[in-house]
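The following comprises the amino acid sequence and a computationally predicted model.
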Amino acid sequence: MGRAIAALIARDLRLAVRAGGGGGMAVFFFLITVSVVAVGVGPNLSLLAQIAPGILWVALLLSSLLTLERLFQADLEDGTLDLLAMGPLPLEAIAAAKAFSHWLTTGLPLLVAAPLLGLLLNLPVNVFPPLILSMAIGTPALSFLGAIGAALTVGVRRGGLLASLLVVPFYVPVLIFGVGAADEAISGAPPGVMLQALSLLGAVTLASLVIGPVAAAAGLRAALK
Amino acid sequence: MAPPAARMMTLRAADLACIRGGRLVYEGLSFEVASGEALVLVGPNGAGKSSLLRQIAGLVERAAGDLTLEGGKEDTPVGEQAHYLGHLDALKPAFSVEETLRFWAAFLDGPGGGALDVLPALDAVRLGDLADLSVAYLSAGQRKRLALARLLVAPRPLWLLDEPSVALDKASTAILAELMEAHMALGGLIVAATHLELGLKRQLTLDLSPRRQVA
């Protein structure tokens, strides 16, 4: 079973690197959104610093949504999903493996790009650690919750928008606690308050790691029948 | 080749029914296939040949009836003990011929083994020379042969083949027949839907023509 999961993850990583459309696209979208917002808000550096965590988190969330559509769709269209479903792994494990690959190819590159864009937005130095930490804790939730939307819309042509509509409500807690942790740091709150936001974010992520694959597998089952 | 356990197996379908999109495709369908046998499904387009194969594979729900693989693994669904070769070939243009097969070998191979290695399997379908070529450059017949090679790298007692000889030239159809015979000789079972002659030495036939439902 471990071998099958490893094979699936390795395959998805290779596909993302070779076929493109994965992490690279998300990172560029992230870069574009953040820089456009920065230009739109204007050169008021103290204002930018204030809203930087919010901008970064929103842009991160949108970039992550952008790549969700293809999570299961490509495999459904070419018949791969049929064969995966017939294989030794339960669909839950397949959904989890694919969500994990999505995080590796999208969440992780975004996480790496975020500090650079933080500089662009005049993010105060002391806010970098809590912001990056909140993103590290929160981005897996984006992939695992996103898998639910991707699975439910897998049979729908141009289902990306529908998937976004379904998924965004689930993303809201991630956004609130993620931005919350960084905002506490900006307002100079004691570390304890920040820790609270991070723990709640961690709870959301842990719950999504369990709920995401189970719900996504149910969606895939419905699509395959 | 994939030696499914030497013991005898029987695929038994009793009173199967299939409803697709609210339309009854077939009902009261019963048949048996034993180790070493091939059941060929015939019938006009829309008679339910593909639906039946997908039902056996567990990809289409059974509206009624029972399906068992006697002598197979008890607690494993029939679909998990089967290879399915459908119209969609599940090939990714981003991968080379060899990588494609290596993935399926790693993903499908449960405990046990006894299947062919990747390169001998490619040789068996005469794709050995193209191992490094990207799947994007394969012809329709070569794609079919690569999909067929997937059946050789992981042992499964039951093969479900949907129009396996479509797009294959004469020589490749002969290879297909050879591989099917070899699978049956080792105790494998085959259910195949086809319009073309497969060239098997002996086969059972199941006619899915709609008239049988009128009776």
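Structure's in. What do you need? Everything numeric here is computed off the predicted structure, so don't read it as measured data.

Which parts of the chain are helices?
All of this is about chain A. A:2-19, A:23-41, A:45-66, A:70-77, A:80-86, A:91-102, A:108-120, A:128-152, A:160-186, A:191-224 (DSSP state H).

um, chain B though
Using DSSP H, helices in chain B cover B:49-57, B:97-108, B:118-124, B:140-153, B:170-185, B:211-214.

In a markdown table, list the helices of chain A along with mean pLDDT, mean neighbour count and distance to residue B:101.
Quick note: C-beta positions are derived from backbone N, CA and C, even for glycine. Below are the helices of chain A laid out as a markdown table (pLDDT from 0 to 100; neighbours: other Cβ atoms under 10 Å in any protein chain shown; distance: least, Cβ to Cβ, whole Å):
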| stretch | mean pLDDT | mean neighbour count | distance to residue B:101 |
| --- | --- | --- | --- |
| helix A:2-19 | 90 | 17 | 12 |
| helix A:23-41 | 89 | 17 | 26 |
| helix A:45-66 | 91 | 20 | 32 |
| helix A:70-77 | 90 | 21 | 17 |
| helix A:80-86 | 94 | 22 | 13 |
| helix A:91-102 | 96 | 23 | 20 |
| helix A:108-120 | 92 | 18 | 29 |
| helix A:128-152 | 94 | 25 | 27 |
| helix A:160-186 | 90 | 20 | 32 |
| helix A:191-224 | 93 | 18 | 24 |
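
With respect to residue B:176, which of those helices lies nearest?
helix A:80-86 (18.9 Å; Cβ to Cβ).

For chain A, what lies in contact range of chain B?
A:3-4, A:6-8, A:10-11, A:14-15, A:18-19, A:77-80, A:82-89, A:224-225 (Cβ under 8 Å from any Cβ of the partner chain).

Mind doing that once more with 6 Å?
A:3-4, A:7, A:11, A:15, A:18-19, A:78-80, A:82-83, A:86-88, A:224-225 (Cβ under 6 Å from any Cβ of the partner chain).

re the thing from before, select, out of the helices of chain A, the one closest to residue B:164.
Using Cβ to Cβ, those put helix A:80-86 closest to residue B:164, at 15.2 Å.

which residues sit against that closest one?
A:75, A:94, A:224, B:57, B:59, B:79, B:84, B:90 (Cβ atoms under 6 Å, 6 or more residues apart in numbering or on different chains).

and if we set it to 7 Å?
A:72, A:75, A:91, A:94, A:220, A:224, B:57-59, B:79-80, B:82, B:84, B:86, B:90 (Cβ atoms under 7 Å, 6 or more residues apart in numbering or on different chains).

Out of those residues, which two sit at the greatest distance?
A:72 and B:82 (22.2 Å).
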